[in-house]
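Visitor: model the structure of this input:
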Amino acid sequence: MVSLEIGAGKKPKLRPGDILGPLTSENGIDGKQVGKITLYDNWLCVAVRRSEVDTALDKLGRGKVKGRSARVRLLE
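Guide: Prediction:
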């Protein structure tokens, strides 16, 4: 598993389902490929299987999270 950091968190009222939805929507990844989602005030981390990182970055990077664009990066 690897972690992705998303530049939005509790203050913009995000919930784990707001991240899981775009990841698993049409042509996305399987829900079993997503691990723990940890929310902080201004950012969040989501664990994704290493084999699905490119798909997850693509889905979150070009899509919107709760109607807003969010910065997504891979944590090493």
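
Visitor: in stretch 62-76, what's buried?
Guide: Counting neighbours by 16 or more other CB atoms under 10 Å, one finds that the buried residues in stretch 62-76 are 65, 70, 72. For glycine as for every other residue, the C-beta is placed from the backbone atoms N, C-alpha and C.

Visitor: what's the closest of those to residue 49?
Guide: Nearest to residue 49, judged by CB to CB, of the buried residues of stretch 62-76 is residue 72 at 16.2 Å.

Visitor: that closest one contacts residue 7, correct?
Guide: Yes: using CB atoms under 8 Å, residue 72 is in contact with residue 7, at 7.5 Å.

Visitor: pretty sure residue 3 sits in a strand.
Guide: Yes: counting by DSSP: H, G, I helix; E, B strand; the rest coil, residue 3 is found in a strand.

Visitor: next one: it relative to residue 36, how far apart?
Guide: The gap separating residue 3 from residue 36 is 9 Å, by CB to CB, to the nearest Å.

Visitor: what touches both of the two?
Guide: Residues touching both residue 3 and residue 36 (CB atoms under 8 Å, 6 or more residues apart in numbering): 45, 46, 47.

Visitor: what residue is smack in the middle of the chain?
Guide: Of all residues in the chain, the one closest to the mean position by CA atoms, centre = their mean is residue 19, 4.8 Å from it.

Visitor: that one sits in which helix or strand?
Guide: Residue 19 belongs to helix 16-24 when assigned by DSSP states H and E.

Visitor: CA atoms of that helix as CSV?
Guide: Below are the C-alpha coordinates for helix 16-24, written out as CSV (Å, rounded to 0.1, in the frame of the first residue of the first chain):
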residue,chain,number,x,y,z
PRO,A,16,-14.2,9.3,3.9
GLY,A,17,-17.1,8.5,1.5
ASP,A,18,-16.4,11.7,-0.4
ILE,A,19,-13.1,10.3,-1.3
LEU,A,20,-14.1,6.6,-1.8
GLY,A,21,-16.9,7.6,-4.2
PRO,A,22,-14.7,9.2,-6.9
LEU,A,23,-12.1,6.4,-6.5
THR,A,24,-14.5,3.6,-7.1
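
Visitor: list the buried residues for that helix?
Guide: Result for helix 16-24 [16+ other CB under 10 Å]: buried residues 18, 19, 22, 23, 24.
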